[in-house]
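1. got a sequence here, can you build the structure:
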Amino acid sequence: MLRAESALHAVLDSARSAQHAALDLLASLVNKSLVVAKCPAAGEARYRLLEPLREYARSELARAGEERCLCERHLQYFLTLAETIDGALYAGPRAEWLARLEQEQENLRAALGWSLQQGGAEHGLRLAVVLGRFWQHRGHYTEGRRWLTAMLARQAEPSLLRAHALLRPAILARLQRDFAESRRLSEAMLALAALHGDQEVAALALENTGWTCADAGDAAGARAAFERSLACFETHLLIVGWLYAWARRWKRVPACRVRRDML
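-> Just a heads-up that it's a prediction; the model follows:
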């Protein structure tokens, strides 16, 4: 199910003529009862293809060689949407943003499924990562772990993206009281943090280890992990603060002095 113009403009050809033609076709399909329209009192209309028509359209796109292009645009649109909402969860009304993602679950699952079919591309892993907080707050622990585990299995490169991605299933496993798996994922995350020298990732991994120990009744282990996490956070903040101060100082240096220092 898609929202009307915003999604169509992003997924279809950027040419205005193509967008207008698509909207005219959509209206025609609604009039013929081939597409179901849902028009709320407030907000954009939403449209849903009947399943036989969906399957036919998909086969025609594949036959015309256009399926991959449109599915990739669909994935990119919902990745951008999810990243925007994930950032807004810290600043705006959380319930409203979570409800928007709940409304888009069919599209999000389709985008994740398409990414897995293509080998679990980076965009698919990024989408699963930003949806981690949504799955956590909505209680979709099992579904979240399933998608994240599948994406991580396809993206074995020891990158920082993978390190950040490991945190989401580690938290979901802890919430399901799967403490052994949560610790295992946190340890894998900590190893990647050491590989990349990233104190923030290390701090987050140790923080989850601390909560896992606490939930499992291991007070001593929790305290040790939290103390190590705090030390990593402090180191990370010192580095960020130093870089910020250096950048501000660099901006105040006259261009002529910079050129002399570089010679």
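2. does residue 36 lie in a helix or a strand, and which?
-> Under the criterion of DSSP states H and E, residue 36 resides in strand 35-38.
3. just checking, what packs against that strand?
-> If you count contacts as 3 or more C-beta pairs under 8 Å, 6 or more residues apart in numbering; DSSP states H and E, strand 35-38 packs onto helix 16-31, strand 46-49. Yep, even glycine has a C-beta here, placed from its N, CA and C like the rest.
4. now the longest one: mean pLDDT?
-> The average pLDDT within helix 16-31 is 70.
5. among the helices and strands packed on strand 35-38, which is the most enclosed?
-> Neighbour counts (mean count of other C-beta atoms under 10 Å) averaged over each of the helices and strands packed on strand 35-38 peak at strand 46-49, with a mean of 17.
6. and that one, what does it pack onto?
-> Under the contact rule (3+ C-beta pairs under 8 Å, 6+ apart), strand 46-49 is packed against strand 2-3, strand 35-38.
7. pick out the shakiest of those strands, pLDDT-wise.
-> Minimum mean pLDDT among these: strand 2-3, a mean of 52.
8. centre-most residue in this protein?
-> residue 130 (2.4 Å; C-alpha atoms, centre = their mean).
9. alpha carbons of the helix or strand harbouring that one, in CSV - could you do that?
-> With secondary structure defined by DSSP H and E, residue 130 is part of helix 122-138. Listed next in CSV are the C-alpha coordinates belonging to helix 122-138 (Å, rounded to 0.1, in the frame of the first residue of the first chain):
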residue,chain,number,x,y,z
GLU,A,122,24.0,-2.2,2.1
HIS,A,123,20.7,-0.2,1.8
GLY,A,124,18.8,-3.2,3.1
LEU,A,125,21.1,-3.6,6.1
ARG,A,126,20.8,0.2,6.8
LEU,A,127,17.0,-0.1,6.6
ALA,A,128,17.0,-3.0,9.1
VAL,A,129,19.2,-1.0,11.4
VAL,A,130,17.0,2.1,11.5
LEU,A,131,13.9,-0.1,12.0
GLY,A,132,15.5,-1.7,15.0
ARG,A,133,14.2,1.0,17.3
PHE,A,134,10.7,0.8,15.8
TRP,A,135,10.7,-3.0,16.4
GLN,A,136,11.9,-2.5,19.9
HIS,A,137,9.3,0.1,20.9
ARG,A,138,6.4,-1.7,19.2
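10. identify the residue spatially nearest to residue 46, adjacent ones excluded.
-> Setting aside the residues directly before and after it, residue 46 is nearest to residue 38 in space (C-beta to C-beta, 6 or more residues apart in numbering), at 4.7 Å.
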